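> Give me a model of this one.
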Amino acid sequence: MAEDYIVLFRGSNIEARRVLFDLEEIGIIGILLDQQSSAARSGFAIPALADEVQVLVHRDEHDKAKTIF
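Residues are numbered from 1 along each chain as shown. The predicted model follows:
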């Protein structure tokens, strides 16, 4: 399943949420991947860039998703 998704965007949480909003406007559901927050909730600490998150889209929708940039 993970191989079906491609990273469309890497950046701050605020910028990523804007990307998700723009994706929804064109009918694409993106996935927000925030490993640092997930690790903290699980009780682990991982080194990561401050507030860096990823937006993933399904491989089939990647070309259409790139049009928002």
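
> which is the next helix or strand following the helix or strand where I14 lies?
Assignment of secondary structure by DSSP states H and E places I14 within helix 13-25. Tracing the chain C-terminally past helix 13-25 and defining elements by DSSP H and E, one meets strand 31-33 next.

> Give the rounded mean pLDDT of that following strand.
Across strand 31-33, pLDDT averages out at 96.

> Can you list the strands that that strand pairs with?
According to DSSP bridges, strand 31-33 forms sheet pairs with strand 52-58 (antiparallel).

> from the middle of its chain, how far away would the partner strand be?
Using CA atoms, centre = their mean, to the nearest Å, the distance from the centre of strand 52-58 to the centre of the chain it belongs to is 2 Å.

> angle of it against helix 13-25?
Computed with axes from the mean of the first three to the mean of the last three CA atoms, to 10 degrees, the direction of strand 52-58 lies at 20 degrees from that of helix 13-25.

> For the protein, which residues score under the pLDDT cut-off?
Applying pLDDT under 70 to the chain picks out residues 36-50.

> could you redo the last one with a cut-off of 90?
Low-confidence regions of the chain, defined by pLDDT under 90, span residues 1-2, 34-51.

> Next, name the residue at the spatial heart of it.
Within the chain, one residue has its C-alpha closest to the average C-alpha position: by CA atoms, centre = their mean, that is V55, at 1.4 Å.

> Now the phi/psi pair for the closest residue to E15 other than its chain neighbours, please.
Of all residues beyond its chain neighbours, the one nearest E15 is F9 (7.4 Å), with distances taken as CB to CB, 6 or more residues apart in numbering. In this view, the C-beta of every residue, glycine as well, is placed from N, C-alpha and C. Backbone dihedrals for F9, given as degrees, to the nearest 10, come out at phi -150, psi 140.
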